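Peer 1: quick one, what's the 3D model for this:
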Amino acid sequence: MRKRLRWLYEKFLSLFVSKYLEDKKKQKLTNDIIIPFNKPFLTGKETHYMYMAVYKEAKISGNGKYTQLCHDFFKKRYNFPQVLLTTSCTDALEMSGLLLDIKPGDEIIIPSFTFVSTANAFVLRGAKIVFADSYKNHPNIDANKIEELITEKTKAIVPVHYGGIACDMDKILKIAKKYNLYVVEDAAQAIESFYKGKPLGSFGDMAAFSFHETKNIIAGEGGLLVVNNTKFSQRAEIIWEKGTNRAAFFRGEVKKYNWVDIGSSYLPSEIIAAFLYAQLEELDKIQNRRIKLWERYYHNLKPLENKGFIKLPIIPEYASNNGHIFYITTENQTIRDALIAYLKKQGILAVFHYLPLHLSPFYRNKHDNRELPNAVRFSQTIIRLPMFYELTFDEIDFICEKIYNFFN
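Peer 2: Here you go, the predicted model:
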């Protein structure tokens, strides 16, 4: 049995490395990018823990040793009462839709300037999405515009902490309490981010995090559902385990497990959990580096903002910075697109996002025709600059020099 498992692991590792080298070779042949937008950072322990999961633990199907190690990490570090690893942040958001028992006709308030998963999780349950605008000076949902969107059908508010910068949670929670609404934090980009010293993900009834390869902490794909409202604790675990009480069975709480509710296969394999745990062990190191890179960008580009060419990110007094994204905004889309094209010619890959969801082909005919000018403006003027652990100060200086050259 052990020989078989070892052979499987070595075969998997061989294929993994071969595919990685092949992809890198193709990248060199198909473009001249010197500085990519993102580069996944490996701590060096990922393959060791993956090997241990396959060979020593002999369990790779999920909810094993490494899943529990990851769960324990989040509970201890952030004092989250219940956490469940998922195969993606999208899955964590979809679980929240199931837990809130969203039904056709229910209304969910979310920002238009966000990734499609924020909306899809509730559209899949038949909900109507009511889009809110961003602030004028920040992509986050404008908390002052939420209350006017509430109707008798409103079920939940889903604030998105863009770039790991906290939404105004005091205002949002006050509104939610006033109208008896649920709050689900889309904290996909917000690991190690805080609001007034309290970790993001601990404010809503639930919260969802992402470990996609573009995030600070990665597992290729991967996510986490945080359940703060104990009302949902037992059912969350059941939905997570395909609608069964299988987890309770393995803890010896029931004699056999049954199909007791709706659910799906949301838990990741132990290979993903093992990879993630290696990343979590280096969280402080990764965060310290990313924040230094963020500050280098900010310091270098501040004179350009002072001259009125660009605007730099704003971090409210109540929020912390987790170094997830460094973005700038330009005066208009023409300048933004020209700058992206210019940087690409210099071997620098910068990108933009998001296209506002209220104007998307899928939802524009379902939107209530309100104009959301700030969401549109950010979609037309924002540029995300390269940001990854192995980015050097010299590379940042080079990027900033090219941005200066463009405006000069």
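Peer 1: how about low-confidence regions in this structure?
Peer 2: 1-31 (pLDDT under 70).
Peer 1: so for the helix or strand where Leu173 lies, what gets flagged as buried?
Peer 2: In this structure, Leu173 sits in helix 169-179 according to DSSP states H and E. Counting neighbours by 16 or more other Cβ atoms under 10 Å, one finds that the buried residues in helix 169-179 are 169, 172-173, 175-176. C-beta coordinates here come from the backbone N, C-alpha and C atoms, glycine included.
Peer 1: equivalent analysis for stretch 124-139, please.
Peer 2: 125, 127-135, 138-139.
Peer 1: between these, which is nearest Arg377?
Peer 2: Ser134 (8.3 Å; Cβ to Cβ).
Peer 1: who's in contact with the residue nearest to the closest one when sequence neighbours are not counted?
Peer 2: Computed as Cβ to Cβ, 6 or more residues apart in numbering, the closest residue to Ser134 that is not its neighbour in sequence is Asn374, at 4.2 Å. By Cβ atoms under 8 Å, 6 or more residues apart in numbering, the residues touching Asn374 are 113, 133-136, 142.
Peer 1: out of these, who's nearest Gly204?
Peer 2: After measuring these against Gly204 - Cβ to Cβ - the closest member comes out as Asp142, at 17.8 Å.
Peer 1: how close does the closest residue to the closest one other than its chain neighbours sit to Tyr318?
Peer 2: Spatial nearest neighbour of Asp142, excluding adjacent residues (Cβ to Cβ, 6+ apart): Tyr135 at 4.9 Å. The spacing between Tyr135 and Tyr318, counted by Cβ to Cβ, to the nearest Å, is 13 Å.
Peer 1: try Asn228
Peer 2: Asn228 is 19 Å from Tyr318, by Cβ to Cβ.
Peer 1: ditto for Phe211
Peer 2: 26 Å.
Peer 1: who has more neighbours out of the two?
Peer 2: Neighbours were counted for Phe211 and for Tyr318 using other Cβ atoms under 10 Å; Phe211 has more, 29 against 15.
Peer 1: for the more buried one, list the residues it contacts.
Peer 2: Phe211 touches 89, 217-224, 276, 279, counting by Cβ under 8 Å, 6+ apart.
Peer 1: contacting residues around Ile129?
Peer 2: 107-108, 110, 119, 122-123, 357, 363, 366.
Peer 1: which of the residues you listed lies closest to Ala248?
Peer 2: Phe122 (28.0 Å).
Peer 1: with adjacent residues omitted, what lies nearest to the residue nearest to the spatial centre of the chain?
Peer 2: The chain has Ala188 as the residue nearest its centroid, 2.1 Å off, counting by Cα atoms, centre = their mean. Nearest non-adjacent residue to Ala188, counting by Cβ to Cβ, 6+ apart: Ser210, 3.8 Å away.
Peer 1: that neighbour touches Cys89, doesn't it?
Peer 2: Yes. Contact criterion Cβ atoms under 8 Å: Ser210 and Cys89 qualify, at 3.5 Å.
Peer 1: hey, what's in contact with both of those two?
Peer 2: With Cβ under 8 Å, 6+ apart as the test, Ser210 and Cys89 both reach 188, 223.
Peer 1: thought Gly62 was touching Tyr266?
Peer 2: No. Here Gly62 does not reach Tyr266: they are 9.4 Å apart, not a contact under Cβ under 8 Å.
Peer 1: which one's more surrounded, the two?
Peer 2: Set Gly62 next to Tyr266 and count neighbours by other Cβ under 10 Å: Tyr266 wins out with 23 against 20.
Peer 1: just the ones in strands from the contacts of Phe211, please.
Peer 2: 223-224 (DSSP state E).
Peer 1: closest to Glu295 among the contacts of Phe211?
Peer 2: Ile217 (19.8 Å).
Peer 1: how many neighbouring residues does the closest residue to the closest one other than its chain neighbours have?
Peer 2: Nearest non-adjacent residue to Ile217, counting by Cβ to Cβ, 6+ apart: Gln279, 4.7 Å away. Gln279 is flanked by 24 other residues according to other Cβ under 10 Å.
Peer 1: list the contacts for Gln279?
Peer 2: 43, 46, 211, 217-219, 286.
Peer 1: which of those fall within helices?
Peer 2: 46, 286 (DSSP state H).
Peer 1: check contacts around the residue nearest to Ala188.
Peer 2: 88-89, 188-189, 222-223.
Peer 1: where's the closest residue to Leu224 other than its chain neighbours, which helix or strand?
Peer 2: Closest residue in space to Leu224, ignoring its immediate chain neighbours: Phe209 at 4.2 Å, by Cβ to Cβ, 6+ apart. Element membership of Phe209, judged by DSSP H and E, is strand 206-210.
Peer 1: can you check the distance spanned by stretch 243-254, start to finish?
Peer 2: 15 Å (Cα to Cα, to the nearest Å).
Peer 1: need phi/psi at the spatially closest residue to Thr230 that is not a sequence neighbour.
Peer 2: Spatially, and ignoring its direct neighbours in sequence, Thr230 is nearest to Pro81 (6.9 Å; Cβ to Cβ, 6+ apart). The phi and psi torsions at Pro81 (degrees, to the nearest 10) take the values phi -70, psi -40.
Peer 1: what is the neighbour count of Pro81?
Peer 2: Quick note: Pro81 (other Cβ under 10 Å) scores 12 neighbours.
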